[in-house]
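Chemist: no sequence for this one, just the structure:
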C-alpha cells in the first residue's frame, strides 16, 4: 500500500494499492484519485506495477539529484491532473540500480512512458510542467493499438 491520498473533491484520505486492475477512486465520493507509487521491494514487483488500465509514467530519480527534485512536483502535478488516466511509478535508482540498467537509464531524471506494457516514450533531463504536459499529451492522448 502507498501513503494515504486525500481526495481532491471531498478531502477523505484513501489508501491506494500499488497495483490494481482498474484505477483508484475515492471510497466516499468515487472521484478519480492521483495514483503515485514507489517501486517498492524490488525487481520482481516492478512488472506488476507496470500493469495498469492506464498509461504508466515511470520516474527514474535519485534523492541527491537537483534536477530530479525539480521535476518531481511537475510529475506529481501530472498525476493529479490526469487522475484516473495516468499512473506514476517512482524508481529511486540508488535503491534499484538493476531496474535502471534494465531500462537503459544512463542519466537522471529519466521519464519513461509505458502503454499496454511496452515503453512508448522516453524523456531524459528536467522538464518544466508545461513541457511535461505537452510531452505526455503527445504520447498519452493517442489511441491505443488494438
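Modeler: Cool, the structure landed. What you see is a predicted model; the values in this text were computed from it and never measured.
Chemist: From here on, just use CA atoms for contacts and neighbour counts.
Modeler: OK.
Chemist: residues making contact with the helix or strand of the chain with the lowest mean pLDDT?
Modeler: Within the chain, confidence by mean pLDDT, DSSP states H and E is lowest for helix 43-50 among all helices and strands, at a mean of 75. Outside helix 43-50, the residues that touch it by C-alpha atoms under 8 Å, 6 or more residues apart in numbering are 18-19, 39-40, 56, 89, 96, 98-99, 114, 117.
Chemist: show me what contacts residue 22?
Modeler: Contacts of residue 22 (C-alpha under 8 Å, 6+ apart): 52-53.
Chemist: And it, how close does it get to residue 53?
Modeler: Using C-alpha to C-alpha, to the nearest Å, residue 22 is found at 6 Å from residue 53.
Chemist: about what we covered before: give me the subset of the contacts of helix 43-50 that lies in helices.
Modeler: Among the contacts of helix 43-50, the members falling in helices are 98-99 (criterion: DSSP state H).
Chemist: Turn the contacts of helix 43-50 into TSV, including neighbour count, distance to residue 10 and pLDDT.
Modeler: Putting the contacts of helix 43-50 into TSV (neighbours: other C-alpha atoms under 10 Å; distance: C-alpha to C-alpha, whole Å; pLDDT from 0 to 100) gives the following:
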residue	neighbour count	distance to residue 10	pLDDT
18	22	22	84
19	21	23	83
39	25	28	83
40	19	29	68
56	28	26	95
89	23	25	94
96	16	36	92
98	14	40	91
99	18	37	91
114	22	30	94
117	16	33	84
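Chemist: Before I go, just wanted to say thanks for your time.
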